[in-house]
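Asker: Give the three-dimensional model of this entry:
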Amino acid sequence: MTGSATNALIFIIQSFAQLYILILLLRLLLPLLRANFNNPLAQVILRATSPLVVPLRRIIPAIGRLDTATFIIAFGIQYLTILIIAALRSWPLDVMPIAVTAIVNLVSMTVWLFIIAIIIRIIMSWMGGGAYNPAMGLIDSITEPALRPARRLIRPAGGIDLSPYVTIIMLIALTMLLRGLKMLPI
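Answerer: Residues are numbered from 1 along each chain as shown. Prediction:
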């Protein structure tokens with residue numbers, strides 16, 4: 001296979017894997033952040049992930065509010081994705097570097113999920129609107145725990161809340177630190 005064909009195949013594999021992993025990470029975060037499971041978007045997330053999660057949950061129970069079955073599936077998909085990419089690139093298929101990179105990638109994706117949710121929340125706040133939106137209900141549930149520490153330090157001044165900006169800066173700095181922990185360049 002040529003280099004460009006390999007790159008295209010890797011792009012396709014990564015894109016579909018990351019999309020499903022993001023949905024799994026959302027499912028993992030919903031109970032941890034005490035999100036409303038009656039939200040229509042939460043229901044979509046549950047339906048999209050249940051075929052893999054529910055059978056594994058019968059074997060591996062949750063630990064408190066941590067859905068271990070969802071985490072194991074997300075890790076497994078990320079691990080398998082990195083394994084396939086490493087094989088396509090003819091890299092060594094060592095277990096530990098792939099496992100560490102998979103965990104770092106999952107944490108990084110979770111951090112980016114928070115960053116994107118905060119950006120969406122900022123943009124939607126500029127647009128105003130008093131009508132209820134299920135997406136905003138879910139975004140508020142996800143972002144509020146991340147914004148709360150910054151709000152304690154930085155109070156809104158003159159009607160301007162800078163805590164989302166400070167939180168985004170801190171989360172991006174965290175992703176930079178995480179990047180250094182990866183054992184593979186994926």
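
Asker: out of everything not next to it in sequence, what's closest to the residue positioned nearest the centre of the chain?
Answerer: With distances taken as Cα atoms, centre = their mean, Thr110 lies nearest the centre of the chain, 3.0 Å away. Nearest non-adjacent residue to Thr110, counting by Cβ to Cβ, 6 or more residues apart in numbering: Leu25, 5.4 Å away. From N, CA and C alone the C-beta is placed, and that goes for glycine too.

Asker: Tell me if I'm right that that neighbour and Ile73 touch.
Answerer: No - in this structure Leu25 lies outside contact range of Ile73 using Cβ atoms under 8 Å: 10.6 Å.

Asker: Could you pull up phi and psi at the most far-flung residue of the chain relative to its centre?
Answerer: In terms of distance from the mean C-alpha position of the chain, Gly158 ranks first, at 33.1 Å (Cα atoms, centre = their mean). Backbone torsions of Gly158, given as degrees, to the nearest 10, read phi 60, psi 30.

Asker: List the contacts of Leu25.
Answerer: Ala74, Leu106, Met109, Thr110, Leu113 (Cβ atoms under 8 Å, 6 or more residues apart in numbering).

Asker: Helices of this structure, start to end?
Answerer: In the chain, helices defined by DSSP state H lie at 3-32, 40-59, 68-88, 95-127, 134-153, 163-179, listed in chain order.

Asker: Comparing these, which yields the minimum mean pLDDT?
Answerer: Sorting these by mean pLDDT places helix 134-153 lowest, at a mean of 90.

Asker: which residues are contacting it?
Answerer: With Cβ under 8 Å, 6+ apart as the test, helix 134-153 has contacts from 26, 29-30, 33-36, 39-42, 113-114, 117-118, 120-121, 124, 161, 163-164, 166-167, 170-171.

Asker: Now that helix: buried residues?
Answerer: Met136, Gly137, Leu138, Ile139, Asp140, Ser141, Ile142, Thr143, Ala146, Leu147, Ala150, Arg151 (16 or more other Cβ atoms under 10 Å).

Asker: TSV please, covering those residues and showing distance to Leu56.
Answerer: Formatted as TSV, those follow (distance: Cβ to Cβ, whole Å):
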residue	distance to Leu56
Met136	31
Gly137	28
Leu138	24
Ile139	28
Asp140	30
Ser141	25
Ile142	24
Thr143	29
Ala146	28
Leu147	32
Ala150	36
Arg151	37
